[in-house]
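Chemist: output the structure for:
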Amino acid sequence: MIAPRTIKHFPLGQLVATPGALSVIERAGQSPNVFIERHLKNDWGEVCGDDWNLNDQALDDGDRLLSAYRTAKGERIWVISESDRSATTLLLPDEY
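Modeler: Next up, the predicted model:
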């Protein structure tokens, strides 16, 4: 049996979103909260194993956190919490 994963809490800072991210989320009929909540639960989405591990380490080291998700329509969206935790941004990958 696998032990449940411990969620490490972190501050989001100011929540911001690009117009492009808001547009794809709206087209999918979803709320930005869906992606923010996953990010807060340390569910980094569709990042590779190395990036998943870097995010887990960043919870202790204070580095940037990057999550990658797909909307219900299959469009990619990123959620990035800055290393100083001053802001968390929802954006499209090509807006980075």
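Chemist: which stretches of the protein form helices?
Modeler: Applying DSSP state H to the chain gives helices spanning 19-27, 32-40, 49-61.
Chemist: of all these, which one comes closest to Glu95?
Modeler: Closest to Glu95 of those is helix 19-27 (CB to CB; 5.6 Å). Bear in mind the C-beta positions are built from the backbone N, C-alpha and C, glycine included.
Chemist: tell me what that closest one is packed against?
Modeler: Contact here means 3 or more CB pairs under 8 Å, 6 or more residues apart in numbering; DSSP states H and E; on that basis helix 19-27 packs against helix 32-40, strand 76-81, strand 87-91.
Chemist: tell me which of these sits most buried.
Modeler: Greatest average neighbour count among those goes to strand 76-81 (a mean of 22), per mean count of other CB atoms under 10 Å.
Chemist: now do that strand: distance to the chain's middle.
Modeler: On the basis of CA atoms, centre = their mean, to the nearest Å, strand 76-81 sits 5 Å off its chain's mean C-alpha point.
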